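# With the input below, show me the fold.
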Amino acid sequence: MPGSIIIGIHGLKNKPEKDLLAGWWLASIQEGLRRNVACEVPLTFELVYWADIQYPAPTPEAELDNPYLKADGEGPLRRYEAGLLSKARVIAEKWGGRSIDKGKDLLGLNKNIDELIGIVFDDLRDYYRDSERRTRIRKLLADILQRHLDKRVCLIAHSMGSIVAYDVLRTRESHPPAIEQFITIGSPLGLPIVAQHVREKFEQTTMPQGVQHWTNLADPGDKVALDCTLADEYRSSSDGIRIQDDLIHNGYVDRNGKNDRHNSYGYLRAPELSDIVKTFLSVGKDI
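Residues are numbered from 1 along each chain as shown. This next block holds a predicted model:
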């Protein structure tokens, strides 16, 4: 039985220094495993860190509003309750009651989308406009995947990291790495401008070859995850493998007491993600 590894790739905005961020990702995953599924086993984790390509210096820990903070209480964290909100109510709460036209309001990455979603998309603009920077970011993930070809891989991609991961996996389809579990969290792959770039580059939006399971996790209140479901946009692979879309409750609360529905740590310790990771870790083991 080959060894296993969890590989993470972070998303938008500047980050703290690499070792600290990697430690926080690992702590979040382990917190979820311990609290949600009573699983405490050693795991191998590596973080794809690309913030230093985009920013001259990491953000000091003291200046962060959203560092890793353990969730309050003990026992399992809250699961998303299916049927708690109707689809119409989810949309209304997400956009403040506004009816949006994706094609008109969200086709371009401009000031309007920044105001609508509440997040500045400079990183994504630069990624699409600067081919040299885009190549450097993709190479970081491609190199790590190449080093771990002999392992079972669970790839977790947050926010813009899911775009980078998707592009890398599609680019390598002639010799695809075997990704046993691909988990996208808070992903903007449903943004029309992103789907448009995918079609321009790869002709169609589809499941990458080599991916055995792709689960997309989204909090309905996460505005970066514009479209909580990706299976209707990204077609099944030639092997008939489809994306599984699941809603989650991201309960992360920052230092100011504000709920951040896009926060990576809240996603990483969510029960739905813990279920996937436990299954991945338990293959061939008795845990």
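
# Which parts of the stretch 151-287 of the chain are helices?
Secondary structure of the stretch 151-287 of the chain by DSSP state H, counting those that start in this stretch: the helices cover 160-171, 192-202, 264-268, 271-282.

# what's near enough to touch the spatially most central residue of the chain?
Of all residues in the chain, the one closest to the mean position by Cα atoms, centre = their mean is H158, 2.3 Å from it. Contacts for H158 (Cβ atoms under 8 Å, 6 or more residues apart in numbering) come out as G8, I9, H10, G11, I185, G186, S187, S264, Y267. Where C-beta positions appear, they are placed from N, C-alpha and C, glycine not excepted.

# Any chance of a markdown table for the helices of the stretch 151-287 of the chain, columns mean neighbour count?
Output for the helices of the stretch 151-287 of the chain, formatted as a markdown table (neighbours: other Cβ atoms under 10 Å):
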| stretch | mean neighbour count |
| --- | --- |
| helix 160-171 | 24 |
| helix 192-202 | 16 |
| helix 264-268 | 27 |
| helix 271-282 | 19 |
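
# got these as JSON lines, with distance to D130 and mean pLDDT columns?
Shown next, in JSON lines, are these (distance: least, Cβ to Cβ, whole Å; pLDDT from 0 to 100):
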{"stretch": "helix 160-171", "distance to D130": "13", "mean pLDDT": "96"}
{"stretch": "helix 192-202", "distance to D130": "14", "mean pLDDT": "88"}
{"stretch": "helix 264-268", "distance to D130": "24", "mean pLDDT": "98"}
{"stretch": "helix 271-282", "distance to D130": "32", "mean pLDDT": "96"}
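
# tell me which residues form a beta bridge with the residue nearest to the centre of the chain?
I185 (DSSP bridges).

# contacting residues for K151?
K151 neighbours (Cβ under 8 Å, 6+ apart): P2, G3, S4, I5.

# Keep only those of the residues you listed that are in strands.
Counted as lying in strands by DSSP state E, out of the contacts of K151, are S4, I5.

# Could you tell me which of the contacts of K151 count as buried?
S4, I5 (16 or more other Cβ atoms under 10 Å).

# Can you tell me which of the contacts of K151 is nearest A27?
I5 (17.0 Å; Cβ to Cβ).

# what residues are up against the closest one?
T44, F45, E46, H148, K151, R152, V153, C154 are the contacts of I5 under Cβ under 8 Å, 6+ apart.

# what are the phi and psi angles of the second one?
Put plainly, it is F45. phi -130, psi 140 (degrees, to the nearest 10).

# Pretty sure it sits against W24.
No - the pair F45 / W24 is not scored as a contact, 11.0 Å apart, by Cβ atoms under 8 Å.

# Among these two, which residue is more densely surrounded?
W24 (20 against 17; other Cβ atoms under 10 Å).

# Contact partners for that one?
Per Cβ under 8 Å, 6+ apart, neighbours of W24: P16, P67, Y68, Y265.

# just Y127 next, same as before
Y127 touches R133, R134, I137, M160, I163, V164, counting by Cβ under 8 Å, 6+ apart.

# Give me the pLDDT for the first one.
On pLDDT, R133 comes in at 95.

# Quick check: the gap between the residue nearest to N66 when sequence neighbours are not counted and I137.
Leaving aside its sequence neighbours, N66 sits nearest to D254 (Cβ to Cβ, 6 or more residues apart in numbering; 4.7 Å). Remark: distance between D254 and I137 (Cβ to Cβ, to the nearest Å) = 26 Å.

# These two: which has the busier surroundings?
For D254 versus I137, the count of surrounding residues by other Cβ under 10 Å is larger for I137: 26 against 16.
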